[in-house]
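Q: below are the sequence and a predicted model for it; my questions follow.
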Amino acid sequence: MLEIAENGRTWVLTGPTSSYAVRLTEDDELLHLHWGPAIALADAEELAARPLPAGSSFESPLDGREEYPVEGGPRFARPALSVRTPERRGTEWTFERYDTEGDELRLRFRDTGLAITLHYRMRGDVVERWTSLDNDGGEALELLRADSAVWTLPERDGWQLSQLHGRWAAESRLVRSGLTYGEKVIGSRRGHTGHQHLPWVALDTDATEERGEVYGCALGWSGSWRIAVAQLPDARVQIGGGAGYDDSGLLLLAPGESFTTPVFAGLWSDAGFGGASRTWHDYQRTYVIPDADQDRPVLYNSWEATQFDISEEQQETLAQRAAALGVELFVVDDGWFGARTSDRAGLGDWTPNPDRFPAGLKPLADRVHAHGMQFGIWVEPEMVNPDSDLYRAHPDWVQYQEGRKRTEFRNQLVLNLAREDVQEYLWEQLDGLLSSAPIDYVKWDFNRCFTDAGWPGDAYPQRLWGDHVRALYALFDRLRAAHPGVAFESCSGGGGRIDLGIMSRTDQVWTSDNTDPLDRLAIQHGFSQIHPARVMAAWVTDSPNTQLNGRVSSLRFRFVSSMAGVLGVGGDLSEWTEEELAEAHRWVDLYKEIRPLVQHGDLHRLRPPSGGLSAVQYVRGDETVVLALLQAQHYGEPLPALRLRGLDPTASYECLETGEVHRGAVLLHHGLRTGLHGDLDAMVIRLRRI
């Protein structure tokens with residue numbers, strides 16, 4: 001709901017439990033009023049009537065209160081907008097008008113030839129904010145910085161900052177620390193979202209998992225980005241964020257051109273970190289993720305079984321075994337195209353290898369479909385190997401600096417997707433590929449960061465940082481429109497490209513290359529702070545885990561760990577025993593039964609993975625399921641009972657595993673235990689209201 005004061009200078013957006021309010025002063029300064037529990041328009045007008053505190057020659061009364069601080073004028077805070085022309089710098093804007101379209105509020109400002117529009121939209125209890133800039137003057141404007149939004153927090157003592165940090169194979173790990181004076185900056189300089197941070201922060205003073213106020217912000221951008229959390233000298237806190245890491249230049253805005261920032265979304269919750277997560281999950285399933293109401297299928301991926309040594313006959317054998325397990329989607333990973341017998345060649349040549357697939361992919365896809373499964377492939381379109389037909393024909397199509405060495409990681413270079421000829425080439429290759437065979441799924445990878453991000457000959461080469469991402473989005477949009485039955489997964493060496501922007505164009509994401517089931521608990525715990533299980537791909541692979549750490553774990557533990565998201569299998573099925581295959585079939589069948597709860601239900605994190613016992617619960621309607629995993633048990637100490645959440649305290653629930661009936665607040669005592677050699681244990685507990 002959007003309410004506007006009679007004088008047209010105070011605006012209130014209200015969702016189911018929260019409100020967001022701003023006001024325009026008599027001097028046309030846009031100030032933040034309120035973000036928190038739902039308030040009425042009259043309450044906002046009362047807040048608007050309060051005068052600003054007096055400033056001094058060393059401090060500005062606007063700092064920490066302004067809704068979108070620009071560079072210049074009576075302010076000292078980090079600017080959200082920094083503009084240059086040959087004659088001047090900074091912004092001296094005036095308010096023009098506001099307008100609305102549906103549930104969207106637009107506040108329009110002007111500085112000479114630059115029109116600046118701040119956009120607001122309430123989606124449930126999530127506020128979406130973004131900014132658009134239109135150059136309708138007669139000279140070019142250089143945008144050094146254009147943040148999507150700045151968020152202002154209420155005055156509190158003892159703010160604590162939560163963030164997700166990591167690296168390859170150790171993504172999305174949650175850390176919480178006290179906020180101190182100055183700025184805390186996270187982001188990516190790498191051209192993609194990055195493994196090092198997810199573009200999300202949360203702030204609280206005393207919240208727990210289920211109680212207390214939490215403020216959260218998440219950026220929808222899949223390139224380089226920055227979020228800065230600042231505690232100002234008067235202790236007020238603001239959070240700014242947007243595309244680009246530094247202020248070296250976003251783009252040159254020519255007369256008649258426009259620029260729109262990505263969405264920077266924010267929420268307030270008084271139900272703790274769990275309540276904030278459930279709000280984020282509901283928002284993404286409702287407004288962000290394509291076809292989110294559909295179940296994601298159980299997949300099998302052949303990479304760990306075969307790596308680059310693949311053949312059509314071998315893939316057919318694996319497909320038969322996967323189908324016997326109840327798998328619903330069979331995916332051929334790297335190695336099916338060009339001269340791709342290792343990671344040294346073939347990227348860029350997106351046609352089936354004639355020795356491995358002499359009649360193309362269609363015969364294998366048809367046989368996979370005959371087994372009752374969908375068919376998928378792996379691609380990495382934004383990359384090229386120097387040893388490829390594409391690079392030999394177009395060495396100028398990559399990012400590079402004139403006169404400098406072209407740095408290779410994983411024996412590959414990054415295509416300059418900002419170029420229109422590269423965009424058209426990739427469209428023709430991928431559209432042709434998806435038209436050549438009945439392909440249902442594409443795993444889209446991105447296995448190296450930007451390094452030599454140059455574009456010799458272009459008038460403003462640094463624009464490639466943003467134009468690459470916009471071209472990627474446009475390519476996804478074009479492919480989805482032309483092939484609406486194809487699902488896409490975002491992958492970047494694991495979790496290197498996970499954000500609300502890529503989430504709006506893909507059906508699921510690859511969480512991490514680390515498939516060790518114990519390591520995955522912390523990764524999945526962090527991921528769940530912002531993103532829902534509906535998009536979190538998780539595989540069961542072989543034991544010992546030879547890909548990473550050599551850890552031995554039971555098939556039971558591997559399955560229960562992976563069933564917390566979109567279940568996949570990635571082991572070498574040709575080496576699994578008949579007993580293992582039979583057990584895996586039972587787990588796949590069980591996952592299909594609980595899949596609606598996991599992928600579409602409300603998540604409650606009952607026990608974090610930092611202790612001996614980890615447990616998550618999903619609730620949907622009258623059903624609930626608990627996935628409990630025992631990591632260790634010290635000195636024979638008893639394990640704590642699990643107090644379930646989100647259930648009707650007046651109802652009775654039957655445990656489908658034991659037949660026990662629980663009434664009211666369910667307290668589960670479980671049978672988890674470690675074996676004589678410290679083996680990990682896991683179990684699935686299902687309850688249904690009776």
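A: Received the coordinates, thanks.
Q: which parts of stretch 396-416 are buried?
A: Taking 16 or more other C-beta atoms under 10 Å as the basis for neighbour counts, the residues of stretch 396-416 that come out buried are 397-400, 412-416. Heads up, the C-betas are built off the backbone N, CA and C, glycines and all.
Q: list the contacts of it.
A: Stretch 396-416 is contacted from outside by 191, 343-345, 347-348, 381-387, 390-391, 419, 421-422, 425-426, 447-456, 464, 468, using C-beta atoms under 8 Å, 6 or more residues apart in numbering.
Q: what's the span of stretch 352-369 from first residue to last?
A: The separation between the terminal residues of stretch 352-369, taken as C-alpha to C-alpha, to the nearest Å, is 19 Å.
Q: how near is R607 to D622?
A: Distance, R607 to D622, using C-beta to C-beta, to the nearest Å: 24 Å.
Q: compare the two (neighbour count), which wins?
A: The residue with more neighbours, out of R607 and D622 and counting by other C-beta atoms under 10 Å, is R607; that gives 20 against 13.
Q: what's opposite the closest residue to that one other than its chain neighbours in the beta bridge?
A: Counting by C-beta to C-beta, 6 or more residues apart in numbering, R607 lies nearest to A615, which is 4.4 Å off, once chain neighbours are set aside. The bridge-partner assignment for A615, based on DSSP bridges, gives R607, A628.
Q: so which of the contacts of stretch 396-416 are in strands?
A: The strands, defined by DSSP state E, take in 383-384 from the contacts of stretch 396-416.
Q: how about the helices of the stretch 301-450 of the chain, start to end?
A: 303-306, 312-325, 362-370, 389-393, 420-436 (DSSP state H, counting those that start in this stretch).
Q: for the chain, same thing?
A: Chain-ordered helices for the chain, with DSSP state H as the definition, fall at 41-48, 272-283, 303-306, 312-325, 362-370, 389-393, 420-436, 464-482, 500-503, 517-527, 555-562, 578-600.
Q: which of the residues in stretch 539-556 are buried?
A: Result for stretch 539-556 [16+ other C-beta under 10 Å]: buried residues 539-543, 545, 547, 553-556.
Q: let's have those in JSON lines, adding distance to E142 and pLDDT.
A: Formatted as JSON lines, the buried residues of stretch 539-556 follow (distance: C-beta to C-beta, whole Å; pLDDT from 0 to 100):
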{"residue": "W539", "distance to E142": "46", "pLDDT": "98"}
{"residue": "V540", "distance to E142": "51", "pLDDT": "98"}
{"residue": "T541", "distance to E142": "49", "pLDDT": "97"}
{"residue": "D542", "distance to E142": "53", "pLDDT": "96"}
{"residue": "S543", "distance to E142": "55", "pLDDT": "95"}
{"residue": "N545", "distance to E142": "50", "pLDDT": "89"}
{"residue": "Q547", "distance to E142": "46", "pLDDT": "81"}
{"residue": "S553", "distance to E142": "54", "pLDDT": "93"}
{"residue": "S554", "distance to E142": "59", "pLDDT": "93"}
{"residue": "L555", "distance to E142": "58", "pLDDT": "95"}
{"residue": "R556", "distance to E142": "59", "pLDDT": "95"}
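Q: what's the most distant pair in those residues?
A: Within these, Q547 and R556 form the most distant pair, 20.0 Å apart (C-beta to C-beta).
Q: in the chain, where is pLDDT below threshold?
A: In the predicted model of the chain, residues 634-637, 664-665, 670, 673-680 satisfy pLDDT under 70.
Q: so which residue is smack in the middle of it?
A: For the chain, the residue lying nearest the average C-alpha position, counting by C-alpha atoms, centre = their mean, turns out to be D499 (2.7 Å).
Q: residues contacting it?
A: 193, 198-199, 218-222, 225.
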